[in-house]
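Asks: whatever this is, show me its structure:
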Amino acid sequence: MSETSRKLTTIFSADVQDYTRLMRKDEEGTLATLKRYRDAMARLIEAHGGRVINTWGDGVFAEFPSVVEALRAAIDVQNELAGYNANSDPNTQMLFRIGLNLGDVIAEGNDIYGDGVNIAARLQACAVAGGIVISNTVYDQVRNKVAVGFDFLGQLEVKNIDGGVPSYAVRIGAAQTATTSTNPESLREQVPSAATSFVEAATQGERSYGVLAVIAVGLVVLNILTWHGDFWARWPVLVIAMAAGLRWARRNTQIDRRLAIFAVVGAGLVGINLLSWHGTPWAIWPLLVLAVLAGIRWVTRQRSDI
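Replies: Numbers count the residues shown, from 1 in each chain. Alright, predicted model coming up:
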């Protein structure tokens, strides 16, 4: 029996989008394409210091001692396979989804086990075709070391992990924003993975906003019922509104998170200035600072996307 031990490693999990449909259409051709693509993936994984652990079904499972090299390998894989697909019939293109997670795992022989592995597989299931999704543990290590952009996707629900796992989509080109096939079979395969988790996250977010709204209304009603000529509820309501705005900014996946936070803070400062108005628009100065910071963020983000 192999000896077991624990170690910290970066887990790479990939599989083919719409593999069942491709196999139904052309088994031999699909298997030949899969072998070609897997060979390319194995070459790139090894070039970045990784090790292929398993290639069950249509998947590829690997590990890396370096988080940065794991992400670079994933990007190189998607870019090279995109080149293969560009020269293929659109109906036979093979698109992989990749998930990356840095976690503590149990190693036994050449295999690894544990929640770290399960999280990588769950991240992969939530990636778009031709895309990459990473956990927050990976993001924290690579965000300033690899010249790509990231979009926060919210909390990813994972079995046995309380509170879920914060996840990010890697911006490597059109793959991250492209819609997948509208084939009914394809949509059925996507719903249990990516769509379900995003709907659950959105539902949880709506509930939290609803709670904040109820608290704000309650404070206003309390102020009115105990009226002594002072509308004191404006301050806690403003704080609640800013809290809701900052929550929205942190969870928003459509725009840059930092730019959204700057906008919310700026709106809050304007609100404070107006609610405590004494004839001086003092908010213009911190707004100017925020505008400069937002401009710097915008320029550096555009540069990282090139």
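Asks: which other residues reach whichever strand or helix holds L274?
Replies: Secondary-structure assignment from DSSP states H and E places L274 in helix 257-275. The contact list for helix 257-275, computed with Cβ atoms under 8 Å, 6 or more residues apart in numbering, reads 152, 234-235, 238, 241-242, 245-246, 248-250, 252, 281-283, 286-287, 290-291, 293-294, 297-298. In short, each C-beta sits where N, CA and C put it, glycine included.
Asks: of those residues, grab the buried ones for ChimeraX.
Replies: The ChimeraX selection below is limited to those of these classed as buried (16 or more other Cβ atoms under 10 Å):
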select :152,234,238,241,242,245,249,252,283,287,290,294,297
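Asks: if we can go back for a sec, just checking, what packs against the next helix or strand after the helix holding L274?
Replies: Note on helix 257-275: by DSSP H and E, the next helix or strand toward the C-terminus is helix 284-305. Helix 284-305 is packed against strand 149-158, helix 257-275, with contacts defined by 3 or more Cβ pairs under 8 Å, 6 or more residues apart in numbering; DSSP states H and E.
Asks: using CSV, list the CA coordinates for the shortest one.
Replies: Which is strand 149-158. The C-alpha trace of strand 149-158 is given here as CSV (Å, rounded to 0.1, in the frame of the first residue of the first chain):
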residue,chain,number,x,y,z
GLY,A,149,-7.6,40.6,-16.2
PHE,A,150,-9.9,38.9,-13.8
ASP,A,151,-13.7,39.1,-13.3
PHE,A,152,-15.1,38.2,-9.9
LEU,A,153,-17.9,35.6,-10.2
GLY,A,154,-19.1,35.5,-6.6
GLN,A,155,-19.2,32.7,-4.1
LEU,A,156,-19.1,29.2,-5.7
GLU,A,157,-21.1,26.7,-3.8
VAL,A,158,-19.0,23.6,-3.1
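Asks: next SSE after it?
Replies: Following strand 149-158 in sequence, per DSSP H and E, is strand 161-171.
Asks: between that next one and helix 284-305, how many degrees?
Replies: Per axes from the mean of the first three to the mean of the last three Cα atoms, to 10 degrees, the angle that strand 161-171 makes with helix 284-305 is 70 degrees.
Asks: mind giving me the packing neighbours of strand 161-171?
Replies: The elements that strand 161-171 packs onto, with contact taken as 3+ Cβ pairs under 8 Å, 6+ apart, are helix 67-86, helix 115-126, strand 132-135, helix 136-142, strand 149-158.
Asks: rounded mean pLDDT for that strand, please.
Replies: Across strand 161-171, the average pLDDT comes to 86.
Asks: also stretch 145-158?
Replies: 87.
Asks: got the buried residues for that stretch?
Replies: For stretch 145-158, by 16+ other Cβ under 10 Å, it's 146, 148-158.
Asks: adding distance to I75, write these out as JSON lines.
Replies: Below are the buried residues of stretch 145-158 laid out as JSON lines (distance: Cβ to Cβ, whole Å):
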{"residue": "V146", "distance to I75": "8"}
{"residue": "V148", "distance to I75": "7"}
{"residue": "G149", "distance to I75": "12"}
{"residue": "F150", "distance to I75": "12"}
{"residue": "D151", "distance to I75": "15"}
{"residue": "F152", "distance to I75": "18"}
{"residue": "L153", "distance to I75": "18"}
{"residue": "G154", "distance to I75": "22"}
{"residue": "Q155", "distance to I75": "24"}
{"residue": "L156", "distance to I75": "20"}
{"residue": "E157", "distance to I75": "26"}
{"residue": "V158", "distance to I75": "24"}
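Asks: next, give me the two most distant ones among the residues you listed.
Replies: Among the buried residues of stretch 145-158, the pair separated by the greatest distance (Cβ to Cβ) is V146 and E157, at 26.5 Å.
Asks: now Q93. Nearest residue, chain neighbours left out?
Replies: Nearest residue to Q93, sequence neighbours excluded (Cβ to Cβ, 6 or more residues apart in numbering): N85, at 4.2 Å.
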